[in-house]
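Asks: Fold the following for me, if possible:
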Amino acid sequence: MNSRVQLSRLACYLYGAILLVGPVEGAIPIDEIVAVVNGDCVLGSELQRDTRRIAEELRQRGSSPPSPSALKLQVLERLVLKKIQLQVALRAGLQVDDAALNKAVANIAADNGLSLPQFRAILERDGYNFSQFKRDVRDEILITKLRQREIDERVQITDVEIDDFLATQQQQGGKESEYHLAHILVALPEGAGEEHVEETRQNAGEVLARLRAGADFHQAALSSSDDQQALEGGDLGWRTVANLPSLFADKVDELHKGDISELIQSPSGFHIIKLMDLRRDETHMIKQTKARHILIKPHELVSEQEAKTRLSQLRLRLIGGENFAELARSHSDDRASSANGGELGWVNAGDLVLRFEEVMNHLQAGDISQPFETEFGWHIVQVLERRDYDGTEEVRRADAKAAIRKRKIEEEHEIWLRRLRDEAYVEYRIDSE
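Replies: Okay, the predicted model is just below:
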């Protein structure tokens, strides 16, 4: 064992000893050390807090938490992984400044439809210290930054990988329809007798009847399903037919969006599936605009007003019949487009900054805008043409790239976490019962 680990252990032991010392009038509650993770201690108060919070979240989702001892060990392992990642993030020099933290907390409040004071009041009413909440948010941002740096930004997708992905799809008959399914299983034990099978069928039939009467599928799965996805409300996510159990694959084509199947029997029990959504391989028509512009950037020798005035004068010259391409080559500060007479080519929605698109989209073909400002400077833009473009191939390639990237990130993240865990010094100091 190296000296750094020995010192870390000693520091934790000393900290635990200090916690045993109370004032003369009486002992204080002991905040025990439940794990040592490299140079950090995981305290009993941390474990207790997170265990209580996660158990409450499970109950709010309609799920019964596992046994207290099993839940405690699961939460402790999560805390250990969190400590390891934070240690790596801090060694890498990653930081979250107060402005970014406050913005993140405000966004969380806004996402819940609350002002910051309202959000804080609700947290503290539920026993969640606001300062602790901010520390937790800061930790999550740090871990996200670390994962982006160590994994997301390093994942590269090549054109060859995309071509291979699409070729495989083509060999399988093109892009398949995808089904978003939810599922409930009322399970049968192995070797169940006829009487038990019939009883289970009746129980499943009662669940189906409640669903047909309008009961929420998500809640019914939480309370009645014996499937592994029960805690997620039975959500199986998006699946192609090839990724569905054969007994479901035979049924999904009979369902419309929102439909609930009849009981489906298998050796494992009685299943109910709901088709939440459906998407098929469709043609993707994209609205495109062909435009050209002239940009003047304000700087120490050209004020904002001077840039605007110069563009107003250029616009009058264009309306008077002068050549747009020649004026763009002579006056535009956009080096990428000025050589092409200011032409931007065919652009899709979202390709350009919002303000530029807003102005461009309000023009008719041939119109030249008044001078307007974006983050890049002052512009005038002329719309040359508009069209509906079949972008199916681009969309297919973009979807393929996203699917490959998602798979790679998930695989790399699992390997990375396992490596961090294996390389860390972790000593548990908690009973496993």
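
Asks: list the helices and strands the one helix or strand residue 147 maps to packs on?
Replies: Assigned by DSSP states H and E, residue 147 falls within helix 130-150. The contact analysis (3 or more Cβ pairs under 8 Å, 6 or more residues apart in numbering; DSSP states H and E) places helix 130-150 against helix 68-91, helix 98-111, helix 116-125, helix 392-423. Every C-beta, even on glycine, is put in place using the N, C-alpha and C of the backbone.

Asks: can you rerun that using 7 Å?
Replies: helix 68-91, helix 98-111, helix 116-125 (3 or more Cβ pairs under 7 Å, 6 or more residues apart in numbering; DSSP states H and E).

Asks: Tell me the buried residues in the second one?
Replies: What that stands for is helix 98-111. Neighbour counts over helix 98-111 (16 or more other Cβ atoms under 10 Å) mark 104, 105, 109 as buried.

Asks: How far off centre is the helix holding residue 147?
Replies: The chain centre lies 15 Å from the centre of helix 130-150; the measure is Cα atoms, centre = their mean, to the nearest Å.

Asks: Would you mind listing the buried residues in it?
Replies: For helix 130-150, the neighbour count (16+ other Cβ under 10 Å) marks 133-134, 136-139, 141-143, 145-147, 150 as buried.

Asks: Next, format those residues as CSV and append distance to residue 179.
Replies: Below are the buried residues of helix 130-150 laid out as CSV (distance: Cβ to Cβ, whole Å):
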residue, distance to residue 179
133, 38
134, 41
136, 37
137, 36
138, 40
139, 37
141, 35
142, 38
143, 33
145, 36
146, 35
147, 30
150, 34
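
Asks: Just flag the most distant two among those.
Replies: Pairwise distances across the buried residues of helix 130-150 (Cβ to Cβ) peak at 26.0 Å, for the pair 133 and 150.

Asks: Kindly state the domain boundaries assigned to this structure.
Replies: Domain segmentation of the chain under automatic domain parsing yields 3-91+424-428, 176-279, 285-390.

Asks: What segments of the stretch 301-433 of the chain are helices?
Replies: Taking DSSP state H, counting those that start in this stretch, the helices of the stretch 301-433 of the chain run over residues 304-319, 324-331, 335-338, 354-361, 392-423.

Asks: Enumerate the positions of the first one that are buried.
Replies: Residues of helix 304-319 classed as buried by neighbour count (16+ other Cβ under 10 Å): 307, 308, 310, 311, 314, 315, 318.

Asks: hmm, back to that, return the member of the buried residues of helix 130-150 nearest to residue 55.
Replies: Among those, residue 136 lies closest to residue 55 (Cβ to Cβ), at 16.8 Å.

Asks: Relative to residue 101, how far out is the closest one?
Replies: Using Cβ to Cβ, to the nearest Å, residue 136 is found at 11 Å from residue 101.

Asks: if I pick residue 189, what's in contact with it?
Replies: Applying Cβ atoms under 7 Å, 6 or more residues apart in numbering to residue 189 gives no contacts.

Asks: Distance check, it against residue 254.
Replies: From residue 189 over to residue 254 the distance is 29 Å, taken as Cβ to Cβ.

Asks: again with residue 88
Replies: Using Cβ to Cβ, residue 88 is found at 51 Å from residue 254.

Asks: Which one's more surrounded, the two?
Replies: Ranked by neighbour count (other Cβ atoms under 10 Å), residue 88 and residue 254 place residue 88 first, with 19 against 10.

Asks: give the contact list for that one.
Replies: Counting by Cβ under 7 Å, 6+ apart, residue 88 touches 146, 420.

Asks: any chance of the helices of the stretch 301-433 of the chain in a markdown table, with distance to residue 223 too?
Replies: A markdown table is the format used below for the helices of the stretch 301-433 of the chain (distance: least, Cβ to Cβ, whole Å):
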| stretch | distance to residue 223 |
| --- | --- |
| helix 304-319 | 63 |
| helix 324-331 | 66 |
| helix 335-338 | 59 |
| helix 354-361 | 45 |
| helix 392-423 | 30 |
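
Asks: Indicate which one of those is closest to residue 383.
Replies: Closest to residue 383 of the helices of the stretch 301-433 of the chain is helix 354-361 (Cβ to Cβ; 6.2 Å).

Asks: Give the buried residues for that closest one.
Replies: Result for helix 354-361 [16+ other Cβ under 10 Å]: buried residues 356, 357, 359, 360.

Asks: so what secondary structure elements neighbour it?
Replies: strand 372-374, strand 377-390.

Asks: ok, now with 8 Å
Replies: strand 285-296, strand 372-374, strand 377-390.

Asks: Could you say which of the ones you listed is packed most deeply?
Replies: With neighbours defined as mean count of other Cβ atoms under 10 Å, these peak in mean count at strand 285-296, which reaches a mean of 20.

Asks: name the helices or strands packed onto it?
Replies: Going by 3+ Cβ pairs under 8 Å, 6+ apart, strand 285-296 lies up against helix 304-319, helix 324-331, helix 335-338, strand 343-348, helix 354-361, strand 377-390.

Asks: Return the alpha-carbon coordinates of it using CSV.
Replies: Written as CSV, here are the backbone C-alpha positions of strand 285-296 (Å, rounded to 0.1, in the frame of the first residue of the first chain):
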residue,chain,number,x,y,z
MET,A,285,-38.7,17.2,-47.1
ILE,A,286,-36.7,20.2,-45.9
LYS,A,287,-37.4,23.9,-46.6
GLN,A,288,-34.3,25.5,-47.8
THR,A,289,-33.4,29.1,-48.7
LYS,A,290,-30.7,30.3,-51.1
ALA,A,291,-29.4,33.7,-49.9
ARG,A,292,-26.5,36.1,-50.1
HIS,A,293,-25.4,38.8,-47.7
ILE,A,294,-22.9,41.6,-47.0
LEU,A,295,-21.4,41.9,-43.5
ILE,A,296,-19.7,44.9,-42.0
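
Asks: Please name the strands paired to it in the sheet, noting orientation.
Replies: strand 343-348 (antiparallel), strand 377-390 (antiparallel) (DSSP bridges).

Asks: What sits closest to residue 74 if chain neighbours are left out?
Replies: Distances taken as Cβ to Cβ, 6 or more residues apart in numbering place residue 66 nearest to residue 74, at 7.4 Å, with adjacent residues excluded.

Asks: repeat for residue 212
Replies: In this structure, residue 212 finds its nearest non-sequential neighbour in residue 260, 6.7 Å apart by Cβ to Cβ, 6+ apart.
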